[in-house]
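> here are the coordinates; sequence isn't available:
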């Protein structure tokens with residue numbers, strides 16, 4: 001999904017993680033997706049990224065501070081709209097029930 005310094009990373013969501021993200025962001029992720037016609041606010045994207053990033057090969061969770069720093073770099077390299085699309089698609093894949 002994303003590569004930084006030769007290491008592959010992906011995002012992994014589940015209901016518990018979504019609850020944590022919504023608590024920290026103080027908003028409903030689905031509500032924000034609906035309100036923004038598929039585009040999420042920058043701070044919500046950052047939480048969705050930094051609280052769900054894992055290293056693909058080891059399946060180990062990346063520390064939030066490190067993931068947040070990677071988010072900035074990935075946004076600069078790939079563009080905000082592209083990263084937004086990847087995050088929303090991964091949410092649909094992992095938590096499809098939200099979108100039914």
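Received, thanks. Quantities reported herein were computed from a predicted structural model and do not represent experimental measurements.

> Can you report how many residues neighbour residue 42?
Neighbour count for residue 42, taken as other CB atoms under 10 Å: 12. (C-beta placed from N, C-alpha, C; glycine too.)

> Give me the phi and psi for it.
phi -50, psi -50 (degrees, to the nearest 10).

> Show the contacting residues for it.
The neighbours of residue 42, taking CB atoms under 8 Å, 6 or more residues apart in numbering as the test, are residue 80.

> all strands for this structure, in order.
Secondary structure of the chain by DSSP state E: the strands cover 2-4, 7-11, 53-55.

> quick one, which of those is packed in tightest?
Among the strands of the chain, ranked by average contacts under mean count of other CB atoms under 10 Å, first place goes to strand 53-55 (a mean of 18).

> which residues are in contact with that strand?
7, 8, 9, 10, 11, 12, 60, 61, 62, 67, 70.

> hmm, 7 Å instead?
Here strand 53-55 makes contact (CB atoms under 7 Å, 6 or more residues apart in numbering) with 7, 9, 10, 11, 12, 60, 61, 62, 67, 70.
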